[in-house]
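quick one, fold the following:
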Amino acid sequence: MMAEAAAEYAGLELETRAGESVQLRNILMLPDDGLKAARDILARFGETGAEDLEELVPQIRDLLLLVADDPAALKAEMADWPLAVFVRTVGAWQEETQVGEAPRSDS
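Next up, the predicted model:
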């Protein structure tokens, strides 16, 4: 069951400059406390205008570390990221994992 869920709710694969591979997991694959924390951060991210994005960098960093399967490797990678890389990474992750959309129904 876990393998099927992991395949259906795939994450985004990131290659760090150090050559490590980090998987940004779909929030549906997080334990309950991680899922709640990720949803809280995403809600704030969605309410923020472009001019306020810079203030959100700590939350964006927290979100990416929360969903990363290797937080230590990702933390090292993000150390010198400019705002644009954070925004682009979150956008790519949201697109890849369809975060924020309701699951599609077959009915």
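
where in this protein is pLDDT low?
Within the chain, the stretches with pLDDT under 70 are 48-51, 99-107.

show me the strands in it, by range?
12-15, 21-24 (DSSP state E).

what segments of the protein are helices?
2-8, 32-47, 57-67, 71-78, 83-97 (DSSP state H).

closest to V22 out of those helices?
Closest of the helices of the chain to V22 is helix 71-78, at 4.8 Å (criterion: CB to CB). All C-beta spots, glycine's among them, are computed from the backbone N, C-alpha and C.

with just CA atoms, put the closest one into PDB.
Extracted in PDB, the C-alpha atoms of helix 71-78 (Å, rounded to 0.1, in the frame of the first residue of the first chain):
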ATOM      1  CA  PRO A  71      16.700  17.900   5.200                       C
ATOM      2  CA  ALA A  72      20.400  18.200   6.000                       C
ATOM      3  CA  ALA A  73      21.400  18.000   2.300                       C
ATOM      4  CA  LEU A  74      18.700  20.500   1.400                       C
ATOM      5  CA  LYS A  75      19.600  22.900   4.300                       C
ATOM      6  CA  ALA A  76      23.200  23.000   3.000                       C
ATOM      7  CA  GLU A  77      21.900  23.600  -0.600                       C
ATOM      8  CA  MET A  78      19.600  26.500   0.400                       C
END
